[in-house]
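Engineer: next comes the sequence, and after it the predicted model I'd like to discuss.
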Amino acid sequence: MQTLNGSNLNRFYYFQLIFQLSNKHNSLTAQFTIQFCLQQTQYQLFLDSMTSNVCGSSQYSLFQGANTLKCLNIKDFCGSYSQCLQVNDQIGAMGYGCCREDYLYPRAANIIVYILIIPIIGIGSLGALGGRIVNQALGGVVKRPFLEAVLNFNSGLSGNITACLMFGAQLVNQIIITFQKHPYHPQRPAVNYEVGMIYALAIPLSMQFGQELASYMPLLPVLTIQMMFFIVILPICLLYAKRQEVVEQELEEDYTDSHISMTTAFKGSIQDEAQAALVYKQFLDESHQILPLLPILIAIGSFAANEAVILSRTTLYQTSPYYPKRSSNQKLDPCDPWNFYMMIVLFAVNIFITGLTLLYFRYKEQIKDNVRYKLKERYFTPTRRFFKIYGAGCATGFIAGFLGMAAGLTMFVTMVQFGLVAASAGATANYGYFIVCLQVFVSFMVSDSGMPIGDQFFFYGIGILGVLIFTNLGYYYINKYKIGHILFYIDFAIVVLNIAGNIAWGVEQNHRQGFNSIVDINQSFYYQQYLLSFFRISMNQCLICFEDTEFSLNCQHYYCLKCLVNMIQVKLKALQLTSDDYKCPECKFKFSVEVFKNTEIYNDLIEYSLKHNCIENLNDDEMIVDCGHDDCNNKFIVSKNASKYCFHLEYSRCPVCKQIYCLNCRKPYESKCCQQAITGKCPRCKIKVFKEEGCNFLKCQSQYCKGQVYFCGICFLILKKEDHYSHFIDNNPYNACRIGKIKPNKQKCPGCLTLNPLQCQIIENLNQCYCKSNVCKESLYCLSCSKKIQKNEAHECKQCSIM
């Protein structure tokens, strides 16, 4: 079968337009159409993810489905025997999903459950209930309570197991049943092949309808209908058990001699009594055949024809291998008219085969009437009786497809109603159930489940073992003691276990994914908010430029790598890139910078990220620093809060060269704390400065001075670069300065408000000051009126005259 990928953006716009128009004009047909198409594409993606994605662990090798890709965001999402690990698809790493231990991983829970399944399969096969229909939304006595609730297999994986169990068990069971004899008619086989043939004609078509209808319903109503069905069928099982027990106790009629003698049967109906005896003998020999050829060929042929048409359709479970080839990349659209035509063909095939079968066997039964052969065994005449049996077959197939269980139970009860004794009804129901198993097995084989061949044969073996031990033993005692009514009690017990299984599975589903997972129709496969997103994924189109692409992020949203590069490059050039920018534009799921590993901006991103602390998973109180050693270019993480302290060994040692740094000043730690090295403030910007290695000629490196201001670390006089040596005694900056520490002026400079006597010289006899600061630049001021005085100017003011 081919994989459904989609390739045309116009299809998405078309569906979107339909959906908008349906909302505007209240068109239920349009709304259903868009929902149908979206869900088909959505479920095909689910199947693709189950088969094409693998877990990277040898122990946890079973991927639990695309709906587990959010496991990193929810605690204990994966459940027991599973871990949230990286999952790889055909292209590469696609994210983190739930990965479970292998089917045959040697764990005690696996061994115990697999052993318990053996008697359940074997005993259940007596009542035609040993298997379970593989359906994505349904469960049974083996699947839900044991495989899903206890062993934590997801629906797809447990469906693989039950398909193998069911086919292996029913194949061997059918072989055993073939050689079983009728309890009251030892020359005849236990299976009534004519009744089984009628059921086989009706099951494939009705089962297909049931499966598709269940696919478009939320789990909750399906589970509710299942529970109602079980509640109704429980008293029916007990009622038929009591009735059949009475029949077995009172039955004394000899079936071989119960019909009217041939000699009195004809009475002119057939003139030649010898010829009539020959016809009667021919019918009698046919009824004693272990394998009557014609009914078996019709049942198998009808199944093959129906299955060929069914596999030609595109449904939620498969994609048709036949489609109008419109382009090299375009495959069958899920809403293509081809599906409609195939449905017409399916109806036509069923009507044709069923009509021919009805005409032939009606003619045959008319001959039986003429020779008075077993008048109580009529299934095609009158016609209404045939359609009653055919309707029961349709009900069986629909229940099997819709509920995913109880196909054998439905056949068993209805066949008893049509006059078959319990033992014969059970055998015939198993024959009909084998047709159901064939349909399930064919779907399992063409779906490419990814289950290893060795694992498949292991579960085939479990099913076969259950039938050989328990089913075979059960048939022996039923025939020996004529206790066919016990099959109804077995069915009653199996129904009770199904009810318990539904409850256990519902509790587990609510615990794992919440109540909404069984209420919302879209929750059957994915969460509702991702519906359109996953539909776009199936088309492999970039969500930015809408061109086809094969590249996807961990969240499975598709983008052109070029579009992502352009998106990040804009922030990078603007120096506005943060770790929050490494998110999917659609769902805001974080991705790694490794996405850009093979692009031209990768090195720039790494350098920028290290420089600006734009590192994923970096705590808010951490930052990245450079090692200041000349021979070491390492970068390492330190705590921002550690800057409150002078020294902390854990955050201040370079992990490569082992150099210790002060976290406050970011300089190598030698012998004393950086707080002890602080000598004062810069006279220009008032920022604290540090004395380096005892030199008293200091340079301010603040963002205001930018290394352009020099000053003395003793007198704090602003100096020029050429004063590096001359300002200090013996021209040595490690010595004291020539001025020394002096007392400040009593009055401030009117121009720069400085009190530094080395910059502002007070001329007391003139009540003036001469300031050489960088602000005043050798200006002269009157200390009384604060007016600037020009050189050689005769300045007089009222304050000066008063003084």
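Structural biologist: Great, that's in hand.

Engineer: from now on I want contacts and neighbour counts done on CA atoms only, so please keep to that.
Structural biologist: Noted.

Engineer: what's the longest helix in the chain?
Structural biologist: If you go by DSSP state H, the chain has its longest helix at helix 337-370.

Engineer: which strands and helices sit next to that one?
Structural biologist: helix 193-215, helix 293-310 (3 or more C-alpha pairs under 8 Å, 6 or more residues apart in numbering; DSSP states H and E).

Engineer: next secondary structure after that helix?
Structural biologist: helix 383-402 (DSSP states H and E).

Engineer: give me the angle between the helix or strand following that following helix and helix 383-402.
Structural biologist: Next helix or strand after helix 383-402 toward the C-terminus (DSSP H and E): helix 407-417. Angle of helix 407-417 versus helix 383-402, following axes from the mean of the first three to the mean of the last three C-alpha atoms, to 10 degrees, is 160 degrees.

Engineer: quick check: buried residues in helix 407-417?
Structural biologist: 407, 408, 409, 410, 411, 412, 413, 414, 415, 416 (16 or more other C-alpha atoms under 10 Å).

Engineer: just send these back as CSV, with pLDDT too.
Structural biologist: CSV is the format used below for the buried residues of helix 407-417 (pLDDT from 0 to 100):
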residue, pLDDT
407, 74
408, 72
409, 74
410, 80
411, 84
412, 78
413, 81
414, 86
415, 87
416, 83
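
Engineer: what's the closest of those to residue 565?
Structural biologist: Of all these, residue 407 has the smallest distance to residue 565: 56.1 Å, by C-alpha to C-alpha.

Engineer: and the closest one, how far is that from residue 430?
Structural biologist: 10 Å (C-alpha to C-alpha, to the nearest Å).

Engineer: break the chain into its domains for me.
Structural biologist: Using automatic domain parsing, the domain parsing of the chain gives 9-104, 108-250+263-523, 674-731, 742-803.

Engineer: tell me which of those domains lies nearest to residue 562.
Structural biologist: domain 9-104 (17.3 Å).

Engineer: what average pLDDT does the closest one get?
Structural biologist: Mean pLDDT, computed over domain 9-104, is 59.

Engineer: where does the stretch 501-650 of the chain have low pLDDT?
Structural biologist: Scanning the stretch 501-650 of the chain for pLDDT under 70 picks out the ranges 508-540, 556, 610-631, 633-650.

Engineer: packing partners for the helix or strand hosting residue 464?
Structural biologist: Using DSSP H and E, the element containing residue 464 is helix 453-466. Here helix 453-466 touches helix 108-126, helix 155-178, going by 3+ C-alpha pairs under 8 Å, 6+ apart.

Engineer: secondary structure class for residue 86?
Structural biologist: Judged by DSSP: H, G, I helix; E, B strand; the rest coil, the three-state class of residue 86 is strand.

Engineer: was I right about it contacting residue 97?
Structural biologist: Yes: using C-alpha atoms under 8 Å, residue 86 makes contact with residue 97 at a distance of 6.2 Å.

Engineer: name the residue in those two with the higher neighbour count.
Structural biologist: residue 97 (28 against 19; other C-alpha atoms under 10 Å).

Engineer: report whether the more buried one is found in a helix, as I expect.
Structural biologist: No: the assignment for residue 97, made by three-state DSSP, is strand rather than a helix.

Engineer: distance check, residue 479 against residue 424.
Structural biologist: Distance, residue 479 to residue 424, using C-alpha to C-alpha: 11 Å.

Engineer: with residue 780 instead?
Structural biologist: Taking C-alpha to C-alpha as the measure, residue 780 and residue 424 are separated by 128 Å.

Engineer: now residue 296
Structural biologist: 17 Å.

Engineer: and for residue 446?
Structural biologist: 34 Å.

Engineer: those two: who's more crowded?
Structural biologist: Shown here are residue 446 and residue 424; by other C-alpha under 10 Å, residue 424 has more neighbours (25 against 13).

Engineer: for the more buried one, what is the enclosing helix or strand?
Structural biologist: According to DSSP H and E, residue 424 maps onto helix 422-446.

Engineer: which SS state does residue 780 fall under?
Structural biologist: strand.

Engineer: what bridges to it?
Structural biologist: Going by DSSP bridges, residue 780 is paired in beta bridges with residue 770, residue 789.

Engineer: can you pull the contacts of it?
Structural biologist: By C-alpha atoms under 8 Å, 6 or more residues apart in numbering, the residues touching residue 780 are 768, 769, 770, 771, 788, 789, 790, 791.

Engineer: could you export stretch 148-159 as CSV, CA atoms only?
Structural biologist: Extracted C-alpha coordinates of stretch 148-159, given in CSV (Å, rounded to 0.1, in the frame of the first residue of the first chain):
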residue,chain,number,x,y,z
GLU,A,148,-3.1,-1.4,27.0
ALA,A,149,-3.9,-1.0,30.7
VAL,A,150,-1.4,-3.4,32.3
LEU,A,151,1.5,-3.6,29.8
ASN,A,152,1.0,0.0,28.4
PHE,A,153,1.1,-0.8,24.7
ASN,A,154,-0.6,1.9,22.7
SER,A,155,-3.6,1.0,20.5
GLY,A,156,-1.5,0.4,17.4
LEU,A,157,1.0,-1.9,19.0
SER,A,158,-1.6,-3.9,20.9
GLY,A,159,-3.6,-4.1,17.7
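
Engineer: so for it, what's the average pLDDT?
Structural biologist: Rounded mean pLDDT across stretch 148-159 is 81.

Engineer: ok, and what's touching the helix holding residue 464?
Structural biologist: The contact list for helix 453-466, computed with C-alpha under 8 Å, 6+ apart, reads 103-104, 114, 117-123, 161, 164-170, 172.

Engineer: got a PyMOL select line for the buried ones in the residues you listed?
Structural biologist: Buried subset of the contacts of helix 453-466, written as a PyMOL selection, criterion 16+ other C-alpha under 10 Å:
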select buried, resi 103+114+117+118+119+120+121+122+123+161+164+165+166+167+168+169+170+172
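
Engineer: let me know the closest of the buried residues of helix 407-417 to residue 552.
Structural biologist: Nearest to residue 552 among the buried residues of helix 407-417: residue 407, at 42.9 Å, using C-alpha to C-alpha.

Engineer: distance of the closest one relative to residue 98?
Structural biologist: According to C-alpha to C-alpha, residue 407 and residue 98 sit 33 Å apart.

Engineer: do the same with residue 749
Structural biologist: Residue 749 is 77 Å from residue 98, by C-alpha to C-alpha.

Engineer: just residue 146 next, same as before
Structural biologist: Applying C-alpha to C-alpha, the value for residue 146 to residue 98 is 19 Å.

Engineer: which one of the two has more residues nearby?
Structural biologist: residue 98 (29 against 22).

Engineer: what's the closest non-adjacent residue to the more buried one?
Structural biologist: Spatially, and ignoring its direct neighbours in sequence, residue 98 is nearest to residue 84 (4.5 Å; C-alpha to C-alpha, 6 or more residues apart in numbering).

Engineer: would you mind giving me the PyMOL syntax to select the buried ones in the contacts of residue 780?
Structural biologist: Remark: buried members of the contacts of residue 780, expressed as a PyMOL selection using 16+ other C-alpha under 10 Å:
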select buried, resi 768+769+770+771+788+789
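
Engineer: could you export the contacts of residue 780 as TSV, including pLDDT and distance to residue 401?
Structural biologist: Output for the contacts of residue 780, formatted as TSV (pLDDT from 0 to 100; distance: C-alpha to C-alpha, whole Å):
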residue	pLDDT	distance to residue 401
768	81	109
769	84	106
770	79	105
771	84	102
788	84	104
789	83	107
790	78	108
791	68	110
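
Engineer: closest to residue 719 out of the contacts of residue 780?
Structural biologist: Using C-alpha to C-alpha, the contacts of residue 780 come closest to residue 719 at residue 771, 14.5 Å.
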